[in-house]
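Chemist: task: produce atomic coordinates for the following.
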Amino acid sequence: MSRLTADFFVSLDGYASRGQEGQRWLFEHFEARLLGYLQSVLVEPQTLVMGRKTYTAMADYWMASKEPQAGPMNAHPKLVFSTTLSGPLGWTNARLAARPLAEEIRALARSAGEIRTLGSLSLVRQLLDLGLVDRLRLLVFPEILGSSGTQPIYRGYPNLHWRLRSYSEVGDGVLLLEYAPRHPARLAS
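Modeler: Model (predicted):
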């Protein structure tokens with residue numbers, strides 16, 4: 001059975017980025033234990049789902065990267081939701097969604113194993129509205145971005161109730177929190 005996981009990197013105060021710096025503030029926390037965790041997630045078979053902004057931010061970087069994570073990132077199938085991009089897409093194994101979001105995700109759930117979002121705040125908001133997210137996985141970094149924080153990850157999200165499924169420290173002060181919705185996702189519908 002397929003499962004859709006929404007993954008976020010987030011500050012203690014709920015931000016995804018900081019001003020013009022974007023997510024560079026995260027990199028000082030990338031030490032051996034956190035990198036090991038991230039690598040373990042990346043080598044799992046999965047289909048990556050993302051919106052246009054995430055696709056354009058990641059495609060060129062990962063295609064040129066020599067980092068160990070580049071191999072899995074480039075090899076995984078990727079489904080991109082965009083009304084402004086046109087295909088074919090340049091990132092290996094990436095394709096544009098041809099159908100509406102719910103229809104595309106349900107079709108993917110019938111044919112793929114794990115489905116995972118990367119960032120893509122507005123896409124995840126839509127997936128939550130449709131009841132299609134099975135797991136919310138947060139990497140919470142020990143930083144308060146305060147007034148420099150941009151992209152509050154929960155702004156405009158629906159009011160939903162979650163159960164904490166697991167938690168652990170995966171880096172120096174970096175917490176992994178995994179939640180499941182109180183009501184099961186509707187991937188099979």
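Chemist: which residues touch residue 18?
Modeler: 11, 24, 25, 145, 148, 149, 150 (C-beta atoms under 8 Å, 6 or more residues apart in numbering). For the C-beta atoms, the positions are set from N, CA and C on the backbone; glycine is no exception.
Chemist: quick check: the gap between it and residue 57.
Modeler: 15 Å (C-beta to C-beta, to the nearest Å).
Chemist: show the end-to-end separation of stretch 113-127, please.
Modeler: One end of stretch 113-127 sits 17 Å from the other (C-alpha to C-alpha, to the nearest Å).
Chemist: for that stretch, which outside residues touch it?
Modeler: With C-beta under 8 Å, 6+ apart, stretch 113-127 has contacts from 2-9, 16, 44-51, 53-54, 57-58, 81, 101, 105, 108-109, 133, 151, 153, 156-158.
Chemist: if we use 6 Å, what do you get?
Modeler: For stretch 113-127, the external contacting residues (C-beta atoms under 6 Å, 6 or more residues apart in numbering) are 2-6, 45-51, 54, 81, 101, 108, 133, 153, 156-157.
Chemist: equivalent analysis for stretch 28-43, please.
Modeler: Stretch 28-43 is contacted from outside by 69, 72, 141, 170, 171, 172, 174, using C-beta under 6 Å, 6+ apart.
Chemist: let's go with 10 Å and repeat that
Modeler: 5, 7, 9, 26, 48, 67-73, 75-76, 114, 116, 137, 139, 141-143, 168-174, 176 (C-beta atoms under 10 Å, 6 or more residues apart in numbering).
Chemist: chain center to that stretch: distance?
Modeler: A distance of 15 Å separates the centroid of the chain from that of stretch 28-43, by C-alpha atoms, centre = their mean, to the nearest Å.
Chemist: ok so, going back, in strands, which of the contacts of stretch 28-43 fall?
Modeler: Among these, the members falling in strands (DSSP state E) are 5, 7, 9, 48, 114, 116, 137, 139, 141, 168, 169, 176.
Chemist: tell me which two of these sit farthest apart.
Modeler: Maximum pairwise distance among the ones in strands among the contacts of stretch 28-43 (C-beta to C-beta): 25.5 Å, between 48 and 169.
Chemist: tell me which of those two has more neighbours.
Modeler: Ranked by neighbour count (other C-beta atoms under 10 Å), residue 48 and residue 169 place residue 48 first, with 25 against 12.
Chemist: these two touch, right, that one and residue 81?
Modeler: No: between residue 48 and residue 81 no contact is recorded; they are 11.7 Å apart, counting by C-beta atoms under 10 Å.
Chemist: buried residues, stretch 111-120. List them.
Modeler: Judged by neighbour count (16 or more other C-beta atoms under 10 Å), stretch 111-120 contains these buried residues: 112, 114, 115, 116, 117, 118, 119, 120.
Chemist: how far does it stretch from one end to the other?
Modeler: Rule used - C-alpha to C-alpha; the end-to-end distance of stretch 111-120 is 22 Å.
Chemist: in the chain, which spans are strands?
Modeler: Going by DSSP E, the chain shows strands at 4-11, 15-18, 46-51, 78-81, 94-96, 114-118, 135-141, 149-152, 162-169, 175-181.
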